[in-house]
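S.K.: Build me a structure from this.
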Amino acid sequence: MKRKAFQAAFPHTIPIAVGFLFLGMSYGFLMRSKGFSVFYPMLISFFIFAGSMEFVTVDLLLSAFHPGHAFFLALMVNARHLFYGISMLGKYKNVGWKKLYLIYGMCDESFTVNCSVTPPPEVDRGWFMFFVTLLNQAYWVGGATLGALLGYVVRFDTKGIEFVMTALFVVMFLNQWEETKNHRSALTGLGCSILCLMVFGSGRFILPAMALIILCFFIGKKKEVGEKERGL
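M.R.: The predicted structure is shown next:
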């Protein structure tokens, strides 16, 4: 059962492995360039396992310690996981002890695969999601560790390397734009984000933007349901 689940999950993680190894190595290089030993990116990537927050953590570790600021910054950067978790409540039912790891190890890419891919009938869904999550985390931790190790022997200017996470999200947005004909969701997210950025500033716009996006989707869905009911 486990072998079949692993064999079913592995192909879906190959494209993620390419991106994670590159991004993880970039993070490892960045940490090493700031003077941290290899153990920092290795352990941080394992325990935090949130790519964008890990890049932010570099500056947090180098600045004065403000726990309140660190907490709310982490909340804003990873607030999207609140909505990921809500949407996965049904899929995580009846998977036993694996549910704890699935919650802990959820990332954007694992969420995408586990949410959209239906495993073959002979494959246990819980083990399939478990191996998707485990493999993706292994790619990230391995990439970060390898990047830090290479940082001992390879020297180059790392200025701007933290931009790789922003570039990744831009590519994901463009890919979704090309694959769908209805761009209402993308435009809603973009418009709400720009509006909140203008109102709240770059340091505080994430949570208001996500709340506004959810509100717009809720109103749009309610309007759509009302129109269907009147049509009937």
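
S.K.: can you tell me which helix or strand Met129 belongs to?
M.R.: Per DSSP states H and E, Met129 falls inside helix 125-151.

S.K.: Now do that helix, average pLDDT.
M.R.: For helix 125-151, mean pLDDT rounds to 93.

S.K.: Same question for stretch 114-122.
M.R.: Taken as a whole, stretch 114-122 has a mean pLDDT of 86.

S.K.: What residues sit buried inside it?
M.R.: Within stretch 114-122, the residues that count as buried by 16 or more other Cβ atoms under 10 Å are 114, 119. C-beta: built from backbone N, CA, C; applies to glycine.

S.K.: ends of that stretch, how far apart?
M.R.: Stretch 114-122 has its terminal residues 16 Å apart, counting by Cα to Cα, to the nearest Å.

S.K.: Show me what counts as buried in the helix holding Met129.
M.R.: 125-137, 139-149, 151.

S.K.: shaky segments in the protein?
M.R.: Along the chain, segments meeting pLDDT under 70 span 156-166, 168-169, 171-172, 225-232.

S.K.: how's it carved up into domains?
M.R.: Per automatic domain parsing, the structural domains of the chain span 2-163, 180-232.

S.K.: so Phe128 sits right up against Ala9, yeah?
M.R.: Yes: contact status for Phe128 versus Ala9: in contact at 5.2 Å, counting by Cβ atoms under 8 Å.

S.K.: Overlap in contacts, these two.
M.R.: Residues touching both Phe128 and Ala9 by Cβ atoms under 8 Å, 6 or more residues apart in numbering: Pro119.

S.K.: Kindly provide the distance from the nearest residue in space to Arg184 that is not next to it in sequence to Phe46.
M.R.: Leaving aside its sequence neighbours, Arg184 sits nearest to Gly220 (Cβ to Cβ, 6 or more residues apart in numbering; 7.6 Å). For Gly220, the distance to Phe46 (Cβ to Cβ, to the nearest Å) stands at 39 Å.

S.K.: ok, now Ser110?
M.R.: Distance from Ser110 to Phe46, by Cβ to Cβ: 15 Å.

S.K.: quick one: buried residues of stretch 52-59?
M.R.: Judged by neighbour count (16+ other Cβ under 10 Å), stretch 52-59 contains these buried residues: 52-58.

S.K.: Using TSV, lay out these together with distance to Pro15.
M.R.: Formatted as TSV, these follow (distance: Cβ to Cβ, whole Å):
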residue	distance to Pro15
Ser52	19
Met53	23
Glu54	21
Phe55	21
Val56	25
Thr57	26
Val58	26
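
S.K.: Count the residues that sit near Val199.
M.R.: 12 (other Cβ atoms under 10 Å).

S.K.: need the contact list for it.
M.R.: Counted by Cβ under 8 Å, 6+ apart, Val199 has contacts 205, 208.

S.K.: how much space between it and Leu150?
M.R.: As judged by Cβ to Cβ, Val199 and Leu150 stand 42 Å apart.

S.K.: Need the three-state assignment for Lys181.
M.R.: Secondary structure, DSSP: H, G, I helix; E, B strand; the rest coil: Lys181 is coil.

S.K.: Look up phi and psi at it.
M.R.: The phi and psi torsions at Lys181 (degrees, to the nearest 10) take the values phi -90, psi -30.
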